[in-house]
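J.: okay, predicted coordinates and the sequence, questions at the end:
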Amino acid sequence: MADTATPNSAQDTAQHADEIDETLIEGPLYAKREQLYVQKVDGTFRRIKWAVLVLTLGVYYLLPFVRWDRGPNAPDQAVLIDFPARRFYFFFIEIWPQEIYYLTGLLILAAFVLFLMNAVAGRVWCGYLCPQTVWTDLFLAVERFFEGDRRERIKLYNGGWTGNRVARTSGKHFVWLMIAWWTGGAWVLYFADAPKLVWELATLQAPAVAYIWIGILTFTTYTLAGFMREQVCTYMCPWPRIQAALTDEHALNVTYKVDRGEPRGSLKKAKALREHGVTAGDCIDCNQCVAVCPTGVDIRDGMQLGCVQCGLCIDACDGVMDKIGRPRGLIAYDSEYNLERREAGLPEEKPKIVRARTILYVVLIAGISLFMVWHLAVRSSLDVSALHDRNPVYVLLSDGSIRNAYTVRVANKELEERTFTLSVEGLEGVAMEAVGAENLDPDTLSVTVGPTRTRELRVLLTRTPAPDAPESREIAFVFETADGSEAAVARDHFIQPAR
């Protein structure tokens, strides 16, 4: 019988595997999005999220109207990206196009701050500070104001399109559009004088590009925060996939304590089991943690791509534990390391916030920050550059002398007009002239540059070739203030025919 059963068993197994494979192939590639009805929750993490929302949106919407006096020849908007003047103003800091490396430094700094946040508390950025999260929270609050909390909203949506639903939904979408419109409007205010641009926008006198960008940002904010919500976090955002490769077993993440919560059951069932000395979990399967999740994740299923680590499920679960008389912390910020220790029957350890990974990130953040601050503190208000003509590299004059031509630029970063002297070092017996500059003597030119302006000079250097001179010789264009308090150098080469 064993000989006959074995082939039949193998055939059944193969047939079953084929059925499974066929089922997987025939199944939908993408699941249809289900409407989420997010329930209101109160608690510590919800209050933190409200505070972050008010702070971040307050800064975003109001910062363009903050004034900062820089003097008579500079704009007085505290934060301004001035494309026509090619300047970026941030309170007392002024960044020129040549200083784009500061932006690079900020991006690197932001990356390491994000890595540090991930090493300490997982996707804490996603749960509290991400713009998608902040605006989604605001849109949810508006939705709850017009349509009620979860149960009322489910009842409203399942009741068909009544006059009550039309009125509530219309009010919700109108406020959503106003928030989205002001979000786009606030963004363009960072690129022009805010009060003036607001007046121009209101009187339809603003540039067309301002209306275009307001329209684009209104549409994206309305769509992403109003309709796509959890889909942005789960499918569109790359950070969940990146952070999974950066995290470790000591990072704090929102965690369901399986060892304490299982086996789950109703409150009455758990009470009866405990009365008979049988182990029962603290989880009563109330699904409140799922109801309050903005992405619809069941944290009891473990770490998932859709979980943004906002902690709202912690508030919901703690509230339930208070009502049934069980200790808080069934869902809490915890590490995988402690989860494994509890499963092995070992006691928990304190979170290891200070470890090699976090120390490295803190050192890198501090080092980059200090370097940028130091560089800003010692940077010169005078910037020069020189570019040798490429074709021809030199001109042979009728008297046998050699002439090289250069394009020299000098930038005056001060808020007042300044006069500089230009001289050449590294080359003897050279005559210098420049279009638009005043000749003080054969070796020196006087150049005047307006406040926060750049001036371009066409400089000609002429000298009699020396038989023993090299074909190419390094020279330095030296700009110096009239009082000698500041100087800047641009280096290039003087080229003559080979002998």
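T.: Yep, that arrived.
J.: and the strands in the stretch 301-450 of the chain?
T.: 331-334, 382-388, 395-396, 402-412, 418-425, 431-434, 438-441, 444-449 (DSSP state E, counting those that start in this stretch).
J.: ok, which of the ones you listed comes nearest Ala244?
T.: strand 331-334 (17.3 Å; C-beta to C-beta). Just so you know, the C-beta spots here come from the backbone N, C-alpha and C atoms, and that holds for glycine as well.
J.: please report phi then psi for Phe477.
T.: Phi and psi for Phe477, reported as degrees, to the nearest 10, are phi -90, psi 120.
J.: that one: what's it in contact with?
T.: By C-beta atoms under 8 Å, 6 or more residues apart in numbering, the contact list for Phe477 reads 384, 386, 406, 408, 422-424, 459, 489-492.
J.: return, as residue ranges, the portions of this structure with sub-threshold pLDDT.
T.: 1-33, 439-443, 466-469, 499 (pLDDT under 70).
J.: how does it look with 80?
T.: 1-34, 71-73, 244-245, 270, 273-280, 435-444, 465-471, 482-485, 498-499 (pLDDT under 80).
J.: tell me which element the spatially most central residue of it falls in.
T.: For the chain, the residue nearest the mean C-alpha position is Ala110 (7.1 Å; C-alpha atoms, centre = their mean). For Ala110, the host element (DSSP states H and E) is helix 101-121.
J.: quick check: next helix or strand after that helix?
T.: Using DSSP H and E, the first helix or strand after helix 101-121 is helix 124.
J.: which element follows that following helix toward the C-terminus?
T.: Counting by DSSP H and E, what follows helix 124 is helix 131-147.
J.: ok, the residue lying closest to Gln77 once chain neighbours are set aside - contacts?
T.: Among residues not flanking Gln77 along the chain, Asp193 sits closest, at 5.8 Å (C-beta to C-beta, 6 or more residues apart in numbering). Taking C-beta under 8 Å, 6+ apart, we find Asp193 in contact with 75, 77, 80.
J.: one more: Gly329?
T.: Applying C-beta under 8 Å, 6+ apart, we find Gly329 in contact with 257, 318, 321.
J.: circling back to that earlier point, now list the buried members of the contacts of Asp193.
T.: 77, 80 (16 or more other C-beta atoms under 10 Å).
J.: neighbours of Asp389, how many?
T.: Per other C-beta atoms under 10 Å, the neighbour tally for Asp389 reads 16.
J.: please apply the same query to Arg491.
T.: If we define neighbours as other C-beta under 10 Å, then Arg491 has 13 of them.
J.: first to last residue in stretch 262-278, what's the distance?
T.: 12 Å (C-alpha to C-alpha, to the nearest Å).
J.: buried stuff in that stretch?
T.: Buried, per 16+ other C-beta under 10 Å, within stretch 262-278: 264-265, 267, 270.
J.: ok, Pro294 - contacts?
T.: 36, 38, 133, 136-137, 140, 229-230, 308, 310, 312.
J.: need those residues in JSON lines (columns: neighbour count and distance to Ala202).
T.: Formatted as JSON lines, the contacts of Pro294 follow (neighbours: other C-beta atoms under 10 Å; distance: C-beta to C-beta, whole Å):
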{"residue": "Leu36", "neighbour count": "16", "distance to Ala202": "37"}
{"residue": "Val38", "neighbour count": "22", "distance to Ala202": "36"}
{"residue": "Thr133", "neighbour count": "26", "distance to Ala202": "31"}
{"residue": "Thr136", "neighbour count": "23", "distance to Ala202": "29"}
{"residue": "Asp137", "neighbour count": "21", "distance to Ala202": "29"}
{"residue": "Leu140", "neighbour count": "17", "distance to Ala202": "30"}
{"residue": "Arg229", "neighbour count": "23", "distance to Ala202": "32"}
{"residue": "Glu230", "neighbour count": "19", "distance to Ala202": "36"}
{"residue": "Val308", "neighbour count": "29", "distance to Ala202": "37"}
{"residue": "Cys310", "neighbour count": "25", "distance to Ala202": "37"}
{"residue": "Leu312", "neighbour count": "26", "distance to Ala202": "39"}
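J.: excluding chain neighbours, what is closest to Ile368?
T.: Leu109 (5.1 Å).
J.: dump the residue contacts of that neighbour.
T.: Going by C-beta under 8 Å, 6+ apart, Leu109 touches 365, 368-369, 372.
J.: buried only: go through those for me.
T.: Listed as buried from the contacts of Leu109 are 365, 368, 372; burial here means 16+ other C-beta under 10 Å.
J.: surely Asp248 is within a helix?
T.: No. Per DSSP: H, G, I helix; E, B strand; the rest coil, Asp248 lies outside any helix segment and is coil.
J.: okay, now it: neighbour count?
T.: For Asp248, the neighbour count with other C-beta under 10 Å is 14.
J.: repeat for Trp199
T.: Neighbours of Trp199 (other C-beta under 10 Å): 12.
J.: which ones are touching it?
T.: With the criterion set at C-beta under 8 Å, 6+ apart, Trp199 makes contact with Gln205.
J.: which strand or helix spans it?
T.: Element membership for Trp199, per DSSP H and E: helix 194-202.
J.: tell me what the next helix or strand after that helix is packed against?
T.: Sequence order places helix 208-223 as the next helix or strand after helix 194-202, per DSSP H and E. If contacts are counted by 3 or more C-beta pairs under 8 Å, 6 or more residues apart in numbering; DSSP states H and E, helix 208-223 sits against helix 163-188, helix 194-202.
J.: in three-state terms, label Glu94 for me.
T.: strand.
J.: for it, which residues make a bridge with it?
T.: Listed beta-bridge partners, Glu94: Tyr89 (assigned using DSSP bridges).
J.: could you measure from it over to Leu62?
T.: 22 Å (C-beta to C-beta, to the nearest Å).
J.: more crowded one of these two?
T.: When Glu94 and Leu62 are compared for neighbours, Glu94 comes out ahead with 18 against 11, by other C-beta under 10 Å.
J.: go ahead and confirm the more buried one touches Ala85.
T.: No. When contacts are counted by C-beta atoms under 8 Å, Glu94 is not listed as touching Ala85 (10.2 Å).
J.: shared neighbours of these two, anything?
T.: What both Glu94 and Ala85 touch, as defined by C-beta under 8 Å, 6+ apart, is the set Thr452.
J.: output stretch 397-404 as CSV, nothing but the C-alphas.
T.: What follows is stretch 397-404, C-alpha atoms only, in CSV (Å, rounded to 0.1, in the frame of the first residue of the first chain):
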residue,chain,number,x,y,z
LEU,A,397,52.3,92.4,-32.7
SER,A,398,54.2,94.2,-35.4
ASP,A,399,56.9,95.4,-33.0
GLY,A,400,57.6,91.8,-32.0
SER,A,401,55.8,92.0,-28.6
ILE,A,402,53.4,89.4,-27.4
ARG,A,403,49.8,90.1,-26.3
ASN,A,404,47.6,87.8,-24.2
